[in-house]
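S.K.: Let's see this in three dimensions:
(chains A and B)
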Amino acid sequence: KQEVTQIPAALSVPEGENLVLNCSFTDSAIYNLQWFRQDPGKGLTSLLLIQSSQREQTSGRLNASLDKSSGRSTLYIAASQPGDSATYLCAVYMNYGGATNKLIFGTGTLLAVQP
Amino acid sequence: ETGVTQSPTHLIKTRGQQVTLRCSSQSGHNTVSWYQQALGQGPQFIFQYYREEENGRGNFPPRFSGLQFPNYSSELNVNALELDDSALYLCASSLEPRDSPLHFGNGTRLTVT
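M.R.: Model (predicted):
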(Lines give C-alpha, C1' and ligand atoms only; values in the text may rest on other atoms or scores of the structure.)
Protein backbone atom coordinates (compact mmCIF):
# COMPACT_ATOMS: atom_id res chain seq x y z
CA LYS A 1 0.00 0.00 0.00
CA GLN A 2 1.40 3.34 -1.05
CA GLU A 3 2.07 5.86 1.71
CA VAL A 4 3.07 9.46 1.06
CA THR A 5 4.83 11.41 3.80
CA GLN A 6 5.71 15.07 3.90
CA ILE A 7 8.33 16.60 6.15
CA PRO A 8 8.25 18.99 7.87
CA ALA A 9 4.58 19.28 8.82
CA ALA A 10 5.04 23.02 9.34
CA LEU A 11 7.73 25.52 8.43
CA SER A 12 8.20 29.22 9.19
CA VAL A 13 10.84 31.24 7.32
CA PRO A 14 11.70 34.92 6.87
CA GLU A 15 10.89 36.56 3.57
CA GLY A 16 13.57 36.12 0.90
CA GLU A 17 14.82 32.78 2.14
CA ASN A 18 15.15 29.79 -0.19
CA LEU A 19 13.47 26.67 1.13
CA VAL A 20 12.92 22.99 0.39
CA LEU A 21 9.85 20.91 1.09
CA ASN A 22 10.20 17.14 1.17
CA CYS A 23 7.91 14.35 0.02
CA SER A 24 8.60 10.63 0.27
CA PHE A 25 6.64 7.63 -0.97
CA THR A 26 6.97 3.95 -0.13
CA ASP A 27 6.17 2.37 -3.51
CA SER A 28 8.33 3.53 -6.44
CA ALA A 29 5.87 2.26 -9.08
CA ILE A 30 4.43 5.70 -9.61
CA TYR A 31 3.04 7.05 -12.86
CA ASN A 32 3.59 10.71 -11.99
CA LEU A 33 3.87 13.05 -9.03
CA GLN A 34 2.17 16.39 -8.57
CA TRP A 35 2.72 19.28 -6.18
CA PHE A 36 -0.26 21.36 -5.13
CA ARG A 37 -0.81 24.50 -3.11
CA GLN A 38 -3.85 24.93 -0.86
CA ASP A 39 -4.86 28.24 0.71
CA PRO A 40 -6.99 28.07 3.90
CA GLY A 41 -10.52 26.84 3.20
CA LYS A 42 -9.85 26.69 -0.53
CA GLY A 43 -9.32 24.07 -3.19
CA LEU A 44 -5.98 22.89 -4.54
CA THR A 45 -3.91 24.65 -7.19
CA SER A 46 -1.67 22.44 -9.30
CA LEU A 47 1.91 23.76 -9.23
CA LEU A 48 4.01 21.17 -11.01
CA LEU A 49 3.55 17.69 -12.48
CA ILE A 50 6.54 15.38 -12.96
CA GLN A 51 6.17 12.26 -15.07
CA SER A 52 7.93 9.15 -13.74
CA SER A 53 10.50 9.39 -16.54
CA GLN A 54 11.44 12.96 -15.64
CA ARG A 55 13.89 14.21 -13.02
CA GLU A 56 12.61 17.73 -12.49
CA GLN A 57 10.20 20.44 -13.51
CA THR A 58 10.46 24.19 -13.12
CA SER A 59 7.93 26.98 -13.04
CA GLY A 60 9.08 30.45 -12.10
CA ARG A 61 10.55 30.37 -8.59
CA LEU A 62 9.49 26.74 -8.11
CA ASN A 63 11.54 23.68 -8.93
CA ALA A 64 10.41 20.14 -8.22
CA SER A 65 12.70 17.13 -8.42
CA LEU A 66 11.89 13.44 -8.48
CA ASP A 67 14.08 10.48 -7.52
CA LYS A 68 11.79 7.55 -8.13
CA SER A 69 14.25 4.88 -7.07
CA SER A 70 14.66 6.37 -3.61
CA GLY A 71 11.01 7.37 -3.32
CA ARG A 72 11.66 11.08 -2.87
CA SER A 73 10.59 14.39 -4.30
CA THR A 74 11.50 17.91 -3.27
CA LEU A 75 9.87 21.24 -3.96
CA TYR A 76 12.35 24.11 -3.95
CA ILE A 77 11.00 27.64 -3.55
CA ALA A 78 13.43 30.44 -4.30
CA ALA A 79 13.30 33.88 -2.73
CA SER A 80 10.18 33.15 -0.68
CA GLN A 81 7.47 35.80 -0.34
CA PRO A 82 4.62 36.24 2.19
CA GLY A 83 2.22 35.34 -0.64
CA ASP A 84 3.78 31.87 -0.72
CA SER A 85 2.24 31.13 2.69
CA ALA A 86 -0.06 28.13 2.23
CA THR A 87 -0.18 24.37 2.65
CA TYR A 88 1.81 22.44 0.06
CA LEU A 89 0.70 18.92 -0.82
CA CYS A 90 2.38 16.28 -2.92
CA ALA A 91 0.45 13.45 -4.51
CA VAL A 92 1.25 10.41 -6.65
CA TYR A 93 -0.58 8.43 -9.28
CA MET A 94 0.29 4.74 -9.06
CA ASN A 95 1.26 2.69 -12.10
CA TYR A 96 -0.44 -0.63 -11.42
CA GLY A 97 -1.44 -1.00 -15.06
CA GLY A 98 -4.73 -0.20 -16.70
CA ALA A 99 -6.58 2.95 -15.80
CA THR A 100 -4.77 4.03 -12.66
CA ASN A 101 -6.75 6.97 -11.55
CA LYS A 102 -6.37 7.31 -7.81
CA LEU A 103 -4.20 10.20 -6.64
CA ILE A 104 -2.64 9.50 -3.22
CA PHE A 105 -1.85 12.58 -1.16
CA GLY A 106 0.51 13.37 1.67
CA THR A 107 -0.77 15.36 4.64
CA GLY A 108 0.99 18.53 3.53
CA THR A 109 3.50 21.06 4.79
CA LEU A 110 2.10 24.29 6.22
CA LEU A 111 4.41 27.11 5.14
CA ALA A 112 4.45 30.56 6.73
CA VAL A 113 6.70 33.23 5.21
CA GLN A 114 7.22 36.09 7.63
CA PRO A 115 7.54 39.63 6.18
CA GLU B 1 -11.69 29.34 -19.97
CA THR B 2 -13.77 28.76 -16.86
CA GLY B 3 -12.32 26.74 -14.03
CA VAL B 4 -13.91 24.05 -11.90
CA THR B 5 -16.91 25.34 -9.97
CA GLN B 6 -18.62 23.62 -7.06
CA SER B 7 -21.91 24.29 -5.32
CA PRO B 8 -22.89 24.93 -2.67
CA THR B 9 -19.84 26.35 -0.88
CA HIS B 10 -21.10 25.44 2.57
CA LEU B 11 -23.76 23.06 3.79
CA ILE B 12 -25.05 21.96 7.18
CA LYS B 13 -26.97 18.69 7.43
CA THR B 14 -28.27 16.48 10.19
CA ARG B 15 -27.13 12.91 10.74
CA GLY B 16 -29.18 10.49 8.66
CA GLN B 17 -30.04 13.01 5.95
CA GLN B 18 -28.99 12.87 2.32
CA VAL B 19 -26.93 15.45 0.43
CA THR B 20 -26.09 16.22 -3.20
CA LEU B 21 -22.99 18.19 -4.15
CA ARG B 22 -22.45 19.56 -7.64
CA CYS B 23 -19.45 20.22 -9.82
CA SER B 24 -18.94 21.81 -13.21
CA SER B 25 -15.70 20.70 -14.78
CA GLN B 26 -13.26 22.93 -16.60
CA SER B 27 -14.10 23.47 -20.25
CA GLY B 28 -12.91 20.57 -22.42
CA HIS B 29 -12.24 18.22 -19.49
CA ASN B 30 -13.94 14.82 -19.72
CA THR B 31 -12.73 13.37 -16.41
CA VAL B 32 -14.05 14.29 -12.97
CA SER B 33 -12.75 13.03 -9.64
CA TRP B 34 -14.13 13.56 -6.14
CA TYR B 35 -12.04 13.74 -2.98
CA GLN B 36 -12.86 14.05 0.70
CA GLN B 37 -10.54 16.15 2.84
CA ALA B 38 -10.91 15.95 6.62
CA LEU B 39 -9.44 18.76 8.69
CA GLY B 40 -5.65 18.61 8.77
CA GLN B 41 -5.46 15.69 6.35
CA GLY B 42 -4.67 15.23 2.70
CA PRO B 43 -7.56 14.57 0.32
CA GLN B 44 -8.82 10.98 0.04
CA PHE B 45 -10.00 9.64 -3.33
CA ILE B 46 -13.72 8.82 -3.46
CA PHE B 47 -14.27 8.00 -7.15
CA GLN B 48 -13.61 9.14 -10.70
CA TYR B 49 -15.88 9.45 -13.72
CA TYR B 50 -14.63 9.33 -17.29
CA ARG B 51 -17.06 9.94 -20.14
CA GLU B 52 -20.06 9.32 -17.86
CA GLU B 53 -18.80 5.97 -16.50
CA GLU B 54 -17.31 5.31 -13.07
CA ASN B 55 -13.62 4.76 -13.68
CA GLY B 56 -12.35 3.82 -10.26
CA ARG B 57 -13.40 4.01 -6.63
CA GLY B 58 -11.63 4.49 -3.33
CA ASN B 59 -12.42 2.95 0.05
CA PHE B 60 -15.79 4.61 0.55
CA PRO B 61 -19.06 2.78 1.30
CA PRO B 62 -21.86 2.48 -1.29
CA ARG B 63 -23.80 5.31 0.33
CA PHE B 64 -21.35 7.55 -1.53
CA SER B 65 -22.50 7.58 -5.14
CA GLY B 66 -22.00 9.79 -8.15
CA LEU B 67 -23.06 10.74 -11.62
CA GLN B 68 -21.46 12.41 -14.60
CA PHE B 69 -23.62 14.09 -17.21
CA PRO B 70 -23.12 14.46 -20.99
CA ASN B 71 -21.74 17.95 -20.47
CA TYR B 72 -19.20 16.35 -18.05
CA SER B 73 -20.61 18.07 -14.98
CA SER B 74 -20.93 15.78 -11.98
CA GLU B 75 -22.80 15.11 -8.75
CA LEU B 76 -21.73 13.46 -5.52
CA ASN B 77 -24.55 11.99 -3.45
CA VAL B 78 -24.16 10.87 0.14
CA ASN B 79 -26.97 8.99 1.87
CA ALA B 80 -27.50 8.35 5.58
CA LEU B 81 -25.04 11.05 6.63
CA GLU B 82 -22.76 10.33 9.57
CA LEU B 83 -20.86 12.77 11.76
CA ASP B 84 -17.57 11.59 10.23
CA ASP B 85 -18.76 12.72 6.81
CA SER B 86 -18.06 16.29 7.89
CA ALA B 87 -15.26 17.42 5.58
CA LEU B 88 -14.29 19.53 2.59
CA TYR B 89 -15.43 17.76 -0.59
CA LEU B 90 -13.28 18.58 -3.58
CA CYS B 91 -14.07 18.05 -7.22
CA ALA B 92 -11.26 17.95 -9.77
CA SER B 93 -11.32 17.73 -13.54
CA SER B 94 -8.68 16.76 -16.07
CA LEU B 95 -8.30 16.20 -19.79
CA GLU B 96 -7.68 12.48 -19.29
CA PRO B 97 -7.87 10.13 -16.25
CA ARG B 98 -4.23 10.41 -15.28
CA ASP B 99 -2.06 11.98 -17.94
CA SER B 100 -2.70 15.58 -17.11
CA PRO B 101 -2.76 17.82 -14.05
CA LEU B 102 -5.87 17.87 -11.92
CA HIS B 103 -7.70 21.18 -11.67
CA PHE B 104 -9.59 21.50 -8.41
CA GLY B 105 -12.60 23.53 -7.44
CA ASN B 106 -12.78 25.41 -4.13
CA GLY B 107 -14.77 22.64 -2.55
CA THR B 108 -17.96 22.26 -0.56
CA ARG B 109 -17.61 22.39 3.22
CA LEU B 110 -20.10 19.87 4.64
CA THR B 111 -20.92 19.88 8.33
CA VAL B 112 -23.01 17.05 9.75
CA THR B 113 -24.55 17.66 13.18
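S.K.: For chain A, what lies in contact range of chain B?
M.R.: A:4, A:31-32, A:34, A:36, A:41-46, A:49, A:89, A:91, A:93, A:99-108 (Cβ under 8 Å from any Cβ of the partner chain). The way it works is simple: take the backbone N, C-alpha and C, and place the C-beta from them, glycine included.
S.K.: What count of nearby residues applies to the residue lying closest to B:S7 once chain neighbours are set aside?
M.R.: Nearest residue to B:S7, sequence neighbours excluded (Cβ to Cβ, 6 or more residues apart in numbering or on different chains): B:R22, at 5.0 Å. B:R22: 16 surrounding residues under other Cβ atoms under 10 Å in any protein chain shown.
S.K.: which ones are touching the residue in chain A positioned nearest to chain B?
M.R.: Going by Cβ to the nearest Cβ, chain B is nearest to A:F105 of chain A, at 3.2 Å. By Cβ atoms under 8 Å, 6 or more residues apart in numbering or on different chains, A:F105 lies in contact with A:V4, A:L89, A:C90, A:A91, B:G42, B:P43, B:Q44.
S.K.: quick one: which two of these are the most distant?
M.R.: Farthest pair in the contacts of A:F105 (Cβ to Cβ) is A:C90 and B:Q44. Separation: 15.0 Å.
S.K.: neighbour-wise, which of those two wins?
M.R.: Applying other Cβ under 10 Å to A:C90 and B:Q44 shows that A:C90 carries more neighbours, namely 30 against 19.
S.K.: what about the strands in chain B?
M.R.: B:5-7, B:10-13, B:19-24, B:31-37, B:44-50, B:53-57, B:64-68, B:74-78, B:87-94, B:103-104, B:108-112 (DSSP state E).
S.K.: Save the ones you listed as CSV, and put in mean pLDDT too.
M.R.: Formatted as CSV, those follow (pLDDT from 0 to 100):
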stretch, mean pLDDT
strand B:5-7, 96
strand B:10-13, 97
strand B:19-24, 97
strand B:31-37, 94
strand B:44-50, 91
strand B:53-57, 87
strand B:64-68, 95
strand B:74-78, 97
strand B:87-94, 94
strand B:103-104, 90
strand B:108-112, 97
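S.K.: Tell me which of these lies nearest to A:D84.
M.R.: That would be, of the strands of chain B and by Cβ to Cβ, strand B:103-104, which comes in at 18.6 Å.
S.K.: What lies in contact with the closest one?
M.R.: A:36, A:43-46, B:3-4, B:26, B:29, B:90-94.
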